[in-house]
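Enquirer: got a structure for you, letters missing:
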């Protein structure tokens, strides 16, 4: 998923404006999970 993807957003913490939390659209979560699992599997195979 490109960094400029519209499904990736960062929310600012009200307690600390310099702190952000990445948020992902729930509809794209299965794709995100597949990408994470593929990355982890690739790292284990190496």
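Expert: Ah, there it is. Just so we're clear, the structure is a prediction, and the values are computed from it rather than from any experiment.

Enquirer: which residues in the protein form helices?
Expert: Along the chain, the segments classed as helices by DSSP state H run 29-45.

Enquirer: what's opposite the spatially most central residue of the chain in the beta bridge?
Expert: For the chain, the residue sitting closest to the mean C-alpha position, by CA atoms, centre = their mean, is residue 24 at 6.0 Å. Beta-bridge partners recorded for residue 24 (DSSP bridges): residue 8.

Enquirer: touching, it and residue 32? I think so.
Expert: Yes: using CB atoms under 8 Å, residue 24 is in contact with residue 32, at 5.8 Å. (Each C-beta comes from the backbone N, C-alpha and C, glycine too.)

Enquirer: what is the mean pLDDT for stretch 37-44?
Expert: Mean per-residue pLDDT for stretch 37-44: 93.

Enquirer: buried ones in that stretch?
Expert: By 16 or more other CB atoms under 10 Å, stretch 37-44 has no buried positions at all.

Enquirer: that stretch: how far from the chain's middle?
Expert: Remark: stretch 37-44 is offset 16 Å from the chain centroid, using CA atoms, centre = their mean, to the nearest Å.

Enquirer: who's in contact with it?
Expert: Stretch 37-44 is contacted by no other residue when judged by CB atoms under 8 Å, 6 or more residues apart in numbering.

Enquirer: against residue 23, how distant is residue 15?
Expert: 17 Å (CB to CB, to the nearest Å).

Enquirer: so the two - more neighbours on which side?
Expert: Taking neighbours as other CB atoms under 10 Å, residue 15 and residue 23 compare with residue 23 leading, 11 against 6.

Enquirer: didn't the more buried one look like it was pressed against residue 29?
Expert: No: Residue 23 is not in contact with residue 29 according to CB under 8 Å; the separation is 10.9 Å.

Enquirer: what's the weakest-modelled helix or strand in this structure?
Expert: strand 8-12 (a mean of 71; mean pLDDT, DSSP states H and E).

Enquirer: got the buried residues for stretch 17-31?
Expert: Under 16+ other CB under 10 Å, stretch 17-31 has no buried positions.

Enquirer: any idea how far apart the tips of it sit?
Expert: Chord length of stretch 17-31, first to last residue, is 30 Å (CA to CA, to the nearest Å).
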